[in-house]
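Enquirer: Return atomic coordinates for the entry below.
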Amino acid sequence: MEETFSNLATYGYIGLFLYSLGGGFVALIGAGVLSFMGKMDLSLSIMIAFFANALGDVLLFYMARYQKSMMMEGLRKHRRKLALSHLLMKRYGSWIILFQKFVYGIKTLIPIAIGLTKYDFKKFIILNILSAAVWALTFGLGSYYSGSFLVKVAETIGDKPWIAPIILFVFGGLLWLYLTQATKRKKRV
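Expert: Here you go, the predicted model:
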């Protein structure tokens, strides 16, 4: 177990950067817990996650804005989710840039959806940077200050490994159900 922590501390910052490019918060939670345990530096972890998250969304926005044909090829299977992203953008306006950082399943689609519109690039960058800071501080500090609880949960799952697939199955099922319902065609009466 100690060797695993040593490897995570050694390569953890690189993994945190790469994982945060796509908006993943699990790596940041892991870095917060490792910081609680004294294996990583909390402020460095938060800064790396913040930078990578902001950069990732700006790159998605840029690609959608200036490489539409290439992006649309990859999004053919996700047309309904992209339409949901457009609806959420219309409903919540600029707040969706902050909101999407915390919702799994739409966090990569929202910057693409916004990039496909005429939304101002500079405004997106500013709001995205502020949102990435809120996101990084929330998950980084939250996981650091709840580190002892998360370590106990990890130890429990380590002792009873059958719990992890159940948690993943329930979480995945709820996410699938939400996305299925949110992107379902409405019957016209």
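Enquirer: Please list the residues outside stretch 139-147 that contact it.
Expert: 25, 28-33, 35-37, 42, 45-46, 49, 150 (Cβ atoms under 8 Å, 6 or more residues apart in numbering). Heads up, the C-betas are built off the backbone N, CA and C, glycines and all.
Enquirer: what bits of this structure have low per-residue confidence?
Expert: The model of the chain has pLDDT under 70 over residues 1-9, 183, 185-189.
Enquirer: at 50 what do you get?
Expert: For the chain, no stretch has pLDDT under 50.
Enquirer: Where do the helices of this structure begin and end?
Expert: 2-21, 26-36, 42-66, 68-74, 79-92, 95-99, 109-115, 121-145, 147-159, 163-182 (DSSP state H).
Enquirer: Let's see the shortest one as PDB, backbone CA atoms only.
Expert: This means helix 95-99. The C-alpha trace of helix 95-99 is given here as PDB (Å, rounded to 0.1, in the frame of the first residue of the first chain):
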ATOM      1  CA  TRP A  95     -24.300  30.200 -15.200                       C
ATOM      2  CA  ILE A  96     -24.100  26.900 -17.200                       C
ATOM      3  CA  ILE A  97     -20.300  27.400 -17.500                       C
ATOM      4  CA  LEU A  98     -20.000  27.100 -13.700                       C
ATOM      5  CA  PHE A  99     -22.800  24.500 -13.400                       C
END
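Enquirer: in that helix, what's buried?
Expert: Residues I96, I97, L98, F99 are the ones in helix 95-99 that count as buried (16 or more other Cβ atoms under 10 Å).
Enquirer: Check those residues against Y66 and report the nearest one.
Expert: Minimum distance to Y66 across the buried residues of helix 95-99 is 19.0 Å, recorded for I97 (Cβ to Cβ).
Enquirer: quick one: the closest one from A83, how far?
Expert: 18 Å (Cβ to Cβ, to the nearest Å).
Enquirer: for V103, phi and psi?
Expert: phi -110, psi 110 (degrees, to the nearest 10).
Enquirer: Done for today, thanks.
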